[in-house]
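Visitor: Here is my input, please return the structure:
(2 chains)
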Amino acid sequence: MRFADFSVTAVYGVSYPVYLFFVVLSVLFFFPLARPSSAADDNYLDVLLKSAREKRLYEDRYWDILVHYKHHGSGMKSLIDDPKFFLAPDGKRNPAAELEATIRSFFREERNGEEHPRCRFVARYAWLKEKLDIDELRLPPVDCTEFDEALKKVNPHSAALVFPTTLNNSPGSMFGHTLIRIDSEKQSDLLSYAVTYAAAATDTNGFLYAFKGIFGYYPGYFSILPYYEKVAEYSNIEYRDIWEYHLNLTEEEVRRLVMHVWELRDIYADYYFFDENCSFDLLFLLEVARPSLHLTDAFWDNKVRFWVIPIDTIRVIKESGLITGEKYRPSQATRILAIASHMESGNEDVALDVVDKKTSPQAVVEMQLAREEKMMILDLSAELLQYKYSRKQLEKEEYLKQYLPVLSARSSLGKQDADAYSITPPIPPEQGHLPGRLSFGGGYRTDSFFTEIGWRAAYHDLLDPDEGFTEGAQINFFDISGRYYFKEDRAQLQRLRLIDIVSLSPRDAFFKPVSWKVNTGFDRELFSDGDEHLIYRLNPGGGFSYKSGFLGLSYIMIETDLELSGGLQDNYSLGFGASAGIIKRLSDSWKIDLSAKSVYYVAGDEHRSIKTSLVQNFKITTNNSIAFSLSWEKTFDRYQSEGNLSWNIYF
Amino acid sequence: MKKLFAVAVLSIMVVFVVSSAFAASATGTARSNVGCGLGTMLFQNNADQSSLLQAFQATTNGTVGSQTFGVTSGTSECKQPTKFVSNERLNEFVVANMDNLAKDIARGNGETLEAFADLMQVPAEQRPEFYQKLQVSFAKIFTSESVVLANVVDNVADVSSTK
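Guide: The predicted model follows:
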């Protein structure tokens, strides 16, 4: 039995408008036929409609949740955009009409189980049946076999919220995202199902992708898949650690959640990267499960921001009292590093030799080493082979020829302690600092004191406290600051960074990632007149970074820098240069960043610039820190130095 | 001014090349190597080399399967085991997780092995013995690189029934 038959051909290409046309046509066509045939049924329909009106069910909060209605101007509007989801022609904006059309639809004379509204909209039916005390015997008979089988297969008992973190070595995955795991009575979480909301995006052009993703040009769909497939995707392919938060939903509540997912299958809502995204839409599912929760309100009705960050939804869910505990699931990359960290130094090279076929697995078994060490070597070899294969660095035949002998040799060594590769879970992401940042401070620049105020929309800076975040991953979105210079009695925009990303992914014996950066926005720069002027900048770069106990995280990058300003000769300067730095945690609450950068501007207003800085950040509480920076620069043969002290509040 | 325009275009191209060089495929992961044996796993090119562009891709979640209620993937294209009561759930799991299952059997423990025992309905108190039996018989279960679903499940059935 396959459930694949509800194919979403509609997602792809040209068939989509045609498909919709037929859906609309068929609804119009069948609607008159579906009317109840006998007078008795007519009466019963009227009884139910009357009762629903008297109880004002169309104003019931649960009805709003089920149809995803939100206040819109003076009326209501559903966030679902798929016409298939509505039984009334104006159902998207008219809760009362949609409710009546839904009740009418229960009387349709169609035995075709899948598409009968009672089978299609199982959660609506279950709720109305309870509220109106519907006598099913007075409705036309219908079999919802497909739904019954699907429900039996998923077998919902409890649920967990799942958060794959940002990529271990890249902020490319940005804010991470969330899914809901539906657990059955089976012990292993791998045998659960995962519900996700995702955009059906088929473009391969990144810019197009970003544009469409931001402005709602992709349809978003809910889907439910075996959890082991999601684990494979995040753990073994993308190397993202996963946090799993157990939810205290009851069996009945989880069942309602699954019923609603069933209703939403093949139904789209326009996907918006910033707000109507994967994490926001999952909140509806939790409200359907437990209507006393008000989770979407925090991000929609009472919103203070126009974006929804997955971690913020975790915080809201946690505050609502749903979360009873968390579990850390390390990715394959984390496991590889963990195994290596337990080995005696030098033995990881033996594992690399096995992978490179310089040593045979059997030779490892025969080595004069402790049995535990030999196990670790072969376990590491197996993980590395899987890694290389998933990266397509090995062909399938080649991989299998190596993988099986490694495992075969490993099996001869017996059992390892279950906790031999224990990994201490890091601080969970929702316990890190909040994404917004407000800073107050002041300092001295060359010959004048100034005071400065700054605001950052999101999300994490290299110098911000690392707890809950990926070390070396910076994403600053909309970072603005203004200064007032006392001596000149002058207020000025100091900086407006639209985006500022730095990804420092350390290279080691096993992984060879590239580090990169890109930032764009307005900045102040020193010009040949010795004054600082506002410029617009685009500054990408790429390089390598390494991690060591002594230096911390160190990096070196090649950069280009484009500056645009009316004050520059030819209105621009284009330069090439290099930067290097170290970021080290001197204690749990004290972090320093020492960096230097030199750029030769070879086109436009030609000049040279050298900058060095030392920034320190002292964490006071999770959401408070003090930053102190010292910098010196030489640009256009003009020197400038600055000291700046500021207080950061995360919100 | 013309020069400025040319330089601006050039820099944007530089960024674009830099970004796209780091960008992963926009289509996200897909089970691109479906089979009934070992080496059936998810692939993604250069997932760790990302960019601003991939950032957007990642938060849209990027993937969509051919089905939205995919509680069954089906193993009808695979030869079915004969020595164990037909269990589609078990078959799907083994097909999708064979490499990890082999690794766990070789180690004698692991989450995939536990899920497998769950699906084989091995009682909790018998599991340590079950795991050990499978470990010592690794070569009898994974007889070659071309071993498929039916072989693995039947071999496990053989191995675990021997005293």
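
Visitor: Give the closest residue to A:Ser422 in space, chain neighbours not counted.
Guide: A:Ala338 (7.8 Å; Cβ to Cβ, 6 or more residues apart in numbering or on different chains). (Each C-beta comes from the backbone N, C-alpha and C, glycine too.)

Visitor: Next, that neighbour: secondary structure please.
Guide: Classification of A:Ala338 using DSSP: H, G, I helix; E, B strand; the rest coil returns helix.

Visitor: hey, what's the closest residue to chain B within the stretch 551-651 of chain A bridged with?
Guide: Per Cβ to the nearest Cβ, A:Leu562 is where the stretch 551-651 of chain A lies closest to chain B, at 4.4 Å. In this entry, A:Leu562 is beta-bridged to A:Leu538, A:Leu574, by DSSP bridges.

Visitor: Surely it is in contact with A:Phe576?
Guide: No. Between A:Leu562 and A:Phe576 there is no contact under Cβ atoms under 8 Å: 10.5 Å.

Visitor: which one of the two has more residues nearby?
Guide: A:Leu562 (25 against 15; other Cβ atoms under 10 Å in any protein chain shown).

Visitor: show me the contacts for A:Ile453.
Guide: By Cβ atoms under 8 Å, 6 or more residues apart in numbering or on different chains, the contact list for A:Ile453 reads A:438-440, A:481-482.

Visitor: Next, see if stretch B:153-163 gets close to chain A.
Guide: No. Judged by Cβ under 8 Å from any Cβ of the partner chain, stretch B:153-163 stays clear of chain A, getting no closer than 12.0 Å.

Visitor: Now do the helices in chain B.
Guide: All helices of chain B, identified by DSSP state H, fall at B:2-22, B:52-59, B:88-107, B:111-119, B:127-136, B:138-141, B:149-161.

Visitor: Point out where the chain drops to low pLDDT.
Guide: Picking chain A for this. Counting by pLDDT under 70, chain A has low-confidence residues at A:1-41, A:111-113, A:167-175, A:201-207, A:209-210, A:302-306.

Visitor: wrong one, I was asking about chain B
Guide: Using pLDDT under 70, chain B drops low at B:1-34, B:41-68, B:70-73, B:163.

Visitor: how is chain B carved up into domains?
Guide: Using automatic domain parsing, the domain ranges for chain B come out as B:2-59, B:88-161.

Visitor: how long is the last one end to end?
Guide: Right, the one you point to is domain B:88-161. 21 Å (Cα to Cα, to the nearest Å).

Visitor: One more: stretch A:581-594?
Guide: Terminal-residue distance, stretch A:581-594 (Cα to Cα): 5 Å.

Visitor: neighbouring contacts of it?
Guide: A:462-463, A:465-466, A:472, A:504, A:551-555, A:595-596, A:613-620.

Visitor: residues in contact with residue 139?
Guide: Unless you meant another one, I'm taking chain A. A:41, A:44, A:106-107, A:118.

Visitor: Sorry, I should have been clearer: chain B.
Guide: So B:Ala139 contacts A:408, A:411 (Cβ under 8 Å, 6+ apart).

Visitor: All the strands of the stretch 301-450 of chain A, residue numbers only.
Guide: For the stretch 301-450 of chain A, the strands defined by DSSP state E, counting those that start in this stretch occupy A:323-329, A:437-445, A:448-460.

Visitor: Could you dump the ones you listed into a markdown table with distance to A:Tyr387 added?
Guide: Formatted as a markdown table, these follow (distance: least, Cβ to Cβ, whole Å):
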| stretch | distance to A:Tyr387 |
| --- | --- |
| strand A:323-329 | 17 |
| strand A:437-445 | 36 |
| strand A:448-460 | 27 |
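
Visitor: PyMOL command to pick out the buried ones of the contacts of stretch A:581-594?
Guide: In PyMOL, a selection of the buried entries from the contacts of stretch A:581-594 looks like this (16 or more other Cβ atoms under 10 Å in any protein chain shown):
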select buried, chain A and resi 462+463+465+466+472+504+552+553+554+555+595+613+615+616+617+618+619
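
Visitor: Among the contacts of stretch A:581-594, which lie within helices?
Guide: Among those, no member falls in helices (DSSP H).

Visitor: Filter the contacts of stretch A:581-594 down to just the ones in strands.
Guide: A:552-555, A:595-596, A:613-620 (DSSP state E).

Visitor: Quickly list what the closest residue in space to A:Ser554 that isn't next to it in sequence is bridged to.
Guide: The shortest distance from A:Ser554 to any residue other than its chain neighbours is 4.5 Å, reached at A:Ile582 (Cβ to Cβ, 6+ apart). Beta bridges link A:Ile582 to A:Ser554, A:Leu594 when assigned by DSSP bridges.

Visitor: mind checking how far the closest residue in space to A:Glu59 that isn't next to it in sequence is from A:His68?
Guide: Leaving aside its chain neighbours, A:Glu59 sits nearest to A:Pro95 (7.4 Å; criterion: Cβ to Cβ, 6+ apart). In this view, A:Pro95 and A:His68 are 11 Å apart by Cβ to Cβ, to the nearest Å.

Visitor: Do you have the helices of the stretch 351-500 of chain A handy? List them.
Guide: A:361-365, A:371-390, A:396-411 (DSSP state H, counting those that start in this stretch).

Visitor: Flag every buried residue along the longest one.
Guide: In this case it means helix A:371-390. So helix A:371-390, judged by 16+ other Cβ under 10 Å, has buried residues A:372-390.

Visitor: State the distance from A:Leu385 to A:Val354.
Guide: 8 Å.

Visitor: Between the two, which contacts overlap?
Guide: With Cβ under 8 Å, 6+ apart as the test, A:Leu385 and A:Val354 both reach A:402, A:406.

Visitor: Just list whatever residues bridge to A:Phe222.
Guide: Bridge pairing for A:Phe222 - DSSP bridges - gives A:Tyr197.

Visitor: no wait, A:Leu161
Guide: Beta-bridge partners, per DSSP bridges, of A:Leu161: A:Ile180, A:Tyr245.

Visitor: list the contacts for it?
Guide: A:178-181, A:244-245, A:247, A:282, A:314, A:317, A:322-323.

Visitor: at 10 Å what do you get?
Guide: A:178-181, A:243-247, A:279, A:282, A:286, A:310, A:313-314, A:317-318, A:322-323, A:326 (Cβ atoms under 10 Å, 6 or more residues apart in numbering or on different chains).

Visitor: how about the helices in the stretch 1-150 of chain A?
Guide: A:15-33, A:39-54, A:61-66, A:95-105, A:117-120, A:122-132, A:145-154.

Visitor: mind giving me CSV with these and columns for mean neighbour count?
Guide: Shown next, in CSV, are the helices of the stretch 1-150 of chain A (neighbours: other Cβ atoms under 10 Å in any protein chain shown):
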stretch, mean neighbour count
helix A:15-33, 12
helix A:39-54, 14
helix A:61-66, 20
helix A:95-105, 22
helix A:117-120, 23
helix A:122-132, 19
helix A:145-154, 16
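
Visitor: I'd like the distance between A:Gln640 and A:Gly575.
Guide: Taking Cβ to Cβ, one finds A:Gln640 at 18 Å from A:Gly575.

Visitor: Please disregard the earlier target; I meant B:Arg89.
Guide: 61 Å.

Visitor: Between those two, tell me which one has more neighbours.
Guide: The neighbour count for B:Arg89 versus A:Gly575, taken as other Cβ under 10 Å, is higher for A:Gly575 (22 against 15).

Visitor: wait, that one sits on A:Val599?
Guide: Yes. Between A:Gly575 and A:Val599 a contact is recorded at 4.2 Å, counting by Cβ atoms under 10 Å.

Visitor: and for these two, which residues touch both?
Guide: Contacts common to A:Gly575 and A:Val599, judged by Cβ under 10 Å, 6+ apart, are A:539, A:559-561, A:563, A:607-609.

Visitor: what's near enough to touch A:Tyr272?
Guide: A:79, A:199, A:213-218, A:220, A:280-281, A:306-308, B:60.

Visitor: So which of those are in strands?
Guide: Using DSSP E, these in strands are A:199, A:218, A:220.
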